[in-house]
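In: Let me see the structure of the following:
(one chain, ligands or ions: 1)
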Amino acid sequence: MKIGIVCYPTFGGSGVVATELGMALADKGHEVHFITYNQPVRLDFISHHLHFHQVILEEYPLFQYQPYELALSSKMVEIVEKHQLEVLHVHYAIPHAYAAYMAKQMLKEKGIEIKVVTTLHGTDITLVGSHPTYKTAVEFSINNSDVVTAVSNNLKETTNRLFNIKNDIKVIYNFIDIEKYDKAQHQECKRLALAKPEERILTHVSNFRPVKRVEDVIKIFYEINKEIPSKLLLIGDGPDRLKAENLANKLKISDAVLFLGNSTEVAKILCYSDVFLLPSQTESFGLAALEAMAAETAVISTNTGGLPEVNIHGQTGFLSNLGDVNDMAKNAISILKDDVILARFKSNAKKHAKKFSIDNILPVYEEIYTSCYKTIAK
Ligand code: GMT
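Out: Numbering: from 1, shown residues only. Reported below is the predicted structural model:
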């Protein structure tokens, strides 16, 4: 099929899911067109099945804020028409679902019917979308999408609680390319370059936004490090990085804390990891936790949002109440202090991650696209 994918091209989870989905679809022979303002960071190849169309914003002195939705919907119309796309799959409701609705109306005027699939990822509902500033438009665009999906049961419930939704929301979990993580596990994982043989390695991957509570990561590690020789690797960048660095300095653990910045090689870095820390305020799913589990890493997380659907308490890791850094540290220590226990948690994590294999999830998206296409053909 010919599919247009609209997403944020950044390191955020929704962009990662959209990009991995597009690349997997292209691999299966579908023609995929990414429409966004930059090349998605994880888009590592372009082929005759995989295209990228940049939305360019024109500067104009009158605009304090450039009207991105307008440029995006115009670009969608252009690309749908030019490449005869059959479906538009937009990731993250704001403003993509709204822009897609506008594109659909403009195409209708030209006698072209296009179906819109909207995938809700989390903060587009929980933190931003339900804010009175956006709520009316978000609710409207969700209700006017042809198919709506959410990345966890929790996100579906939250969406139905916060909005007056008329569509049935289909839950499709985030997914993982297990083979990529298997390969990274089998590469030469040079642990000794980062830690002493007796040290455990803890990791955290995020975009360092306040919702990730990176200072809690440092506080948890501080407690662990008192009892277990260990290193903490932080991957990513964002507004709270400096706060986290300052806290590590203040607690005099900066020698044990490595800030590695953004990386497109997360699978390779996670091969060092024993325990992954995710003390988020909320996670609709927690793709970062799933990626860690695929790299055979136990997860210490909060019990918020969709995290309990991913991290199984007492099996793949532990769940704690938001902000309870002592409980998270205690749980991490209970895993890290014993080789046999650690090995059990790691193996459980990997086994559970396999349930989210792309091989299981991709056909579900394909089915949705096909059902959209069939409705048009009728
Ligand atoms: O979590 C982020 O910082 C990025 C954000 C996004 O939308 O780009 O991620 C959300 O979508 C991911 C993919 O579906 C989910 O795995 C994350 O849990 C979700 N983040 C939050 O709900 C905070």
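In: Got the domain ranges for the protein?
Out: Using automatic domain parsing, the domains assigned to the chain come out as 2-175+357-377, 178-356.
In: quick check: mean pLDDT across the longest one?
Out: So that's domain 2-175+357-377. Here domain 2-175+357-377 scores 93 as its mean pLDDT.
In: measure the closest residue to I358 other than its chain neighbours to Y365 for me?
Out: If the residues on either side of it in the chain are set aside, I358 comes closest to F175, at 4.6 Å by CB to CB, 6 or more residues apart in numbering. Backbone N, C-alpha and C define where each C-beta goes, glycine included. Taken as CB to CB, to the nearest Å, the spacing of F175 relative to Y365 amounts to 9 Å.
In: Quickly list what's touching both of those two.
Out: Shared contacts of F175 and Y365, defined by CB atoms under 8 Å, 6 or more residues apart in numbering, are found at L21.
In: neighbour-wise, which of these two wins?
Out: Each of F175 and Y365 has its neighbours counted (other CB atoms under 10 Å); F175 has more, 24 against 21.
In: interface residues of this protein facing the ligand?
Out: Contact residues, the chain versus the ligand (CB under 6 Å from any ligand atom): 12-15, 17, 92, 121-123, 151, 174, 207, 209, 211, 282-287, 305.
In: so where do the helices sit in the stretch 101-250 of the chain?
Out: Taking DSSP state H, counting those that start in this stretch, the helices of the stretch 101-250 of the chain run over residues 135-143, 153-162, 178-186, 214-227, 241-250.
In: how far off helix 153-162 does the first one point, in degrees?
Out: For helix 135-143 against helix 153-162, the angle between stretch directions is 120 degrees (axes from the mean of the first three to the mean of the last three CA atoms, to 10 degrees).
In: Could you do the longest one as well?
Out: What separates the directions of helix 214-227 and helix 153-162 is an angle of 140 degrees, with the same axes, to 10 degrees.
In: Pull out the buried residues from helix 214-227.
Out: Neighbour counts over helix 214-227 (16 or more other CB atoms under 10 Å) mark 214-225 as buried.
In: what about that helix, distance to the chain center?
Out: The gap between where helix 214-227 is centred and where its chain is centred comes out at 24 Å by CA atoms, centre = their mean, to the nearest Å.
In: Tabulate the CA atom coordinates of it in PDB.
Out: What follows is the C-alpha trace of helix 214-227 in PDB, where atoms were taken according to Å, rounded to 0.1, in the frame of the first residue of the first chain:
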ATOM      1  CA  VAL A 214      15.700  12.900  35.900                       C
ATOM      2  CA  GLU A 215      16.600  14.200  39.300                       C
ATOM      3  CA  ASP A 216      14.900  11.100  40.800                       C
ATOM      4  CA  VAL A 217      17.100   9.000  38.600                       C
ATOM      5  CA  ILE A 218      20.200  10.600  40.300                       C
ATOM      6  CA  LYS A 219      18.600  10.300  43.800                       C
ATOM      7  CA  ILE A 220      17.900   6.600  43.200                       C
ATOM      8  CA  PHE A 221      21.400   6.000  41.900                       C
ATOM      9  CA  TYR A 222      22.900   7.800  44.900                       C
ATOM     10  CA  GLU A 223      21.200   5.400  47.300                       C
ATOM     11  CA  ILE A 224      22.200   2.400  45.200                       C
ATOM     12  CA  ASN A 225      25.800   3.500  44.800                       C
ATOM     13  CA  LYS A 226      26.200   3.700  48.600                       C
ATOM     14  CA  GLU A 227      25.700  -0.100  48.800                       C
END
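In: No further questions, thank you.
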